[in-house]
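with the input below, show me the fold.
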Amino acid sequence: MYFEQFYLGCLAHASYMLGSGGEAAVIDPQRDVEIYLKAAEENGLKIRHIFETHLHADFVSGHKELAARTGARIYIGEKAGATFPHAAVRDGSEVTFGSCKISVLETPGHTPESICLVVTDTEKQPSPWAVLTGDTLFIGDVGRPDLSPAFTPQQLAAMLYDSLHGKLMKLADDVLVYPAHGAGSLCGRNMRAEKSSTMGTERFTNYALQISTREEFVKQLTTNLPARPEYFAKDAEINRGGAAAMDELPELTPLPATKLKTLIEHGTPALDIRSTEAFAAGHVPGSISIALSGQFASWAGSLLGLSAQPVLIADTPDQIEEARVRLARVGIEDLTGYLQDGIAGWKKAGFEMATLPQISARDLFQRKDLHVLDVRRDGEWQGGHLERAELWPLDRLKDSLPPLNKNVAIAVHCKSGYRSTIACSLLQRAGFTNVINVIGGFDAWQQEQLPAVEAVAK
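Residues are numbered from 1 along each chain as shown. Alright, predicted model coming up:
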């Protein structure tokens, strides 16, 4: 039996392909589906089955396009309310091709319609070989229980407890675990970096599986949840109906610098996708830095929303095309255009450039006059932070600015410098005049062995 995991780092998203007897099944496909078509062709397979473990909220799925291009059938939990042609599955539903048998477990909790897929390679053994857990069970964590408008987080957390203990934890210790997301995804809180595990490993190391009572599980799973981006609900609805094919997206329009200047003055976001170093050295005033090098699409969706219609600022046409695809993966399809000739075009028009001053961790330690903002997430802060820093998570900046004088000198840091550059650009755009980015972030602070508030032992 053929098996492959496709891991999309920018979204911390894992999809899968199983093949046997000349047929293949794709599980939780990403928006751009060429990778599955190529893999199927290379392995002499025809894609006949597409499974969605749930209505994904953090990305737009390519199930509809993949089905249209292959004739494959789409399977999804019967509680999804899907409006595209599909086969509704429930506990005990099975799909078999060649020596591959896929059995469905209904595992509500992350969402009401969540399912897990138990995979058996009947040619090798009669017992299950692996389970594809979607967002029900992660490596080191479980799915967040607050993504349904029909149920409270407490209700979903109770369902999740029952799904884990009543179904998944009954699988043997040697069954491999393959989730739909990895470390960095907002669908959980404490995922480890590994891309797979076993039920035995998770049984003994996953904190959520150590909680013995439903009441305590519900309490822990619904306390201090990370902020839920607004685009999550919109992506789930897009996936309920199925997204348009990628080749149906509108072409991008090159815009002269004069047009971009006018658009910015009227509130259109200018999205600078160049490196953080290039942005610091010189950028269009009022532009927002979200570099392609990190979790670009997730932060664009979280901070801009799906209807923002941004203008892209890039160095190369390849960057523009990559950004277009990655934005479409989270549902940002309607782009106003891109800056013609990039920063060179802006300079040629004679317009002012802005810069972002930067400071090293060592210099920050010696500068006691700076107000320090930590834009990491609460869990990171709890793991250690600068004593004089104020926690202001990046996702909070969309709706709430720190209550500081806009002329005060502010040093901003995150873990490595990626998110802090985004935060600095948002602060500059909001009128803060003396913002400084900390190079290397908290990682650099620790490497310099500078004093910090350590994590509190539990």
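
domain ranges for this protein?
Domain segmentation of the chain under automatic domain parsing yields 2-241, 249-348, 358-454.

including mean neighbour count and mean pLDDT, could those domains go into TSV?
Using the backbone N, CA and C atoms, a C-beta is placed for each residue, glycine as well. As requested, the domains of the chain are exported to TSV (neighbours: other C-beta atoms under 10 Å; pLDDT from 0 to 100):
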stretch	mean neighbour count	mean pLDDT
domain 2-241	20	96
domain 249-348	19	96
domain 358-454	18	96
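
which stretches of the stretch 251-400 of the chain form helices?
Using DSSP state H, counting those that start in this stretch, the helices of the stretch 251-400 of the chain run over 257-265, 276-281, 296-304, 317-329, 342-348, 361-366, 378-382.

other SSEs contacting the third one?
Looking back up the chat, that one is helix 296-304. Counting contacts by 3 or more C-beta pairs under 8 Å, 6 or more residues apart in numbering; DSSP states H and E, helix 296-304 is packed against helix 231-241, helix 317-329, helix 418-429.

any chance of those helices in TSV, plus distance to Gly184?
Shown next, in TSV, are the helices and strands packed on helix 296-304 (distance: least, C-beta to C-beta, whole Å):
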stretch	distance to Gly184
helix 231-241	15
helix 317-329	15
helix 418-429	11
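
and those helices: which comes nearest His371?
Closest approach to His371 among the helices and strands packed on helix 296-304 (C-beta to C-beta): helix 418-429, 11.4 Å.

and after that closest one, which helix or strand comes next?
Next helix or strand after helix 418-429 toward the C-terminus (DSSP states H and E): strand 435-438.

format the CA atom coordinates belonging to that following strand as PDB.
Provided in PDB are the C-alpha atoms of strand 435-438 (Å, rounded to 0.1, in the frame of the first residue of the first chain):
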ATOM      1  CA  VAL A 435       9.000  51.900  17.100                       C
ATOM      2  CA  ILE A 436      12.100  49.600  17.200                       C
ATOM      3  CA  ASN A 437      12.300  46.000  16.300                       C
ATOM      4  CA  VAL A 438      14.300  43.600  18.400                       C
END
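
which residues are contacting the helix or strand hosting Ala40?
Ala40 is part of helix 34-42 when elements are defined by DSSP H and E. Counting contacts by C-beta atoms under 8 Å, 6 or more residues apart in numbering, the residues outside helix 34-42 that touch it are 4, 6, 15, 17, 19, 24, 26, 29, 45-47, 66, 69-70.

which parts of the stretch 51-200 of the chain are strands?
73-77, 87-89, 94-97, 100-106, 115-121, 130-134, 176-179, 197-198 (DSSP state E, counting those that start in this stretch).

now distance to Ala280 too, for the ones you listed, in TSV please.
Putting those into TSV (distance: least, C-beta to C-beta, whole Å) gives the following:
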stretch	distance to Ala280
strand 73-77	45
strand 87-89	50
strand 94-97	52
strand 100-106	49
strand 115-121	45
strand 130-134	39
strand 176-179	36
strand 197-198	39
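
list the contacts for Lys124?
By C-beta under 8 Å, 6+ apart, the contact set of Lys124 is Met1, Ser99.

same thing but 7 Å
Not one residue lies near Lys124 by C-beta atoms under 7 Å, 6 or more residues apart in numbering.

what's it sitting at in phi/psi?
phi -100, psi -40 (degrees, to the nearest 10).

residue farthest from the centroid of the chain?
Centroid-distance maximum for the chain: Gly350 at 38.1 Å, with C-alpha atoms, centre = their mean.

tell me the confidence at that residue?
On the pLDDT scale, Gly350 is placed at 97.

Ala227 contacts Asp395, doesn't it?
Yes. Look at Ala227 against Asp395 with C-beta atoms under 7 Å: they come within range, at 4.8 Å.

quickly find the element holding Ala244.
Here Ala244 is assigned to no helix or strand, by DSSP H and E.

ok, now which ones touch the closest residue to Ser298 other than its chain neighbours?
Closest residue to Ser298 apart from its sequence neighbours, by C-beta to C-beta, 6 or more residues apart in numbering: Leu11 at 6.2 Å. By C-beta under 7 Å, 6+ apart, the contact list for Leu11 reads Asp58, Phe59, Ala297, Ser298, Arg329.

look up how far Met169 lies from Leu11.
28 Å (C-beta to C-beta, to the nearest Å).

my guess is Leu132 meets Val118, correct?
No. Between Leu132 and Val118 there is no contact under C-beta under 7 Å: 8.2 Å.

so the closest residue in space to Tyr338 that isn't next to it in sequence bridges to which residues?
Among residues not flanking Tyr338 along the chain, Leu312 sits closest, at 4.1 Å (C-beta to C-beta, 6+ apart). Leu312 has these beta-bridge partners by DSSP bridges: Leu271, Tyr338.

any idea how far Lys259 is from Leu312?
13 Å.

what of Pro269?
Distance from Pro269 to Lys259, by C-beta to C-beta: 14 Å.

likewise Glu202?
Distance from Glu202 to Lys259, by C-beta to C-beta: 53 Å.

same thing with Glu321?
21 Å.

do Leu303 as well
23 Å.

how about Val60?
For Val60, the distance to Lys259 - C-beta to C-beta - is 29 Å.

thinking again about what came up before, which one of the helices of the stretch 251-400 of the chain lies closest to Lys101?
helix 317-329 (30.9 Å).

which secondary structure elements does the closest one contact?
helix 296-304 (3 or more C-beta pairs under 7 Å, 6 or more residues apart in numbering; DSSP states H and E).

send the alpha carbons of the helix it packs on over as CSV?
Provided in CSV are the C-alpha atoms of helix 296-304 (Å, rounded to 0.1, in the frame of the first residue of the first chain):
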residue,chain,number,x,y,z
PHE,A,296,2.3,34.3,6.0
ALA,A,297,-1.3,33.3,5.0
SER,A,298,-2.4,32.6,8.6
TRP,A,299,-1.3,36.0,9.8
ALA,A,300,-2.7,37.7,6.7
GLY,A,301,-6.1,36.1,7.4
SER,A,302,-6.0,36.9,11.1
LEU,A,303,-4.9,40.5,10.8
LEU,A,304,-6.4,41.6,7.5
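
let me see the contact set for Thr421.
Thr276, Phe279, Ser289, Asn437.

likewise Ser197?
Ile139, Val177.
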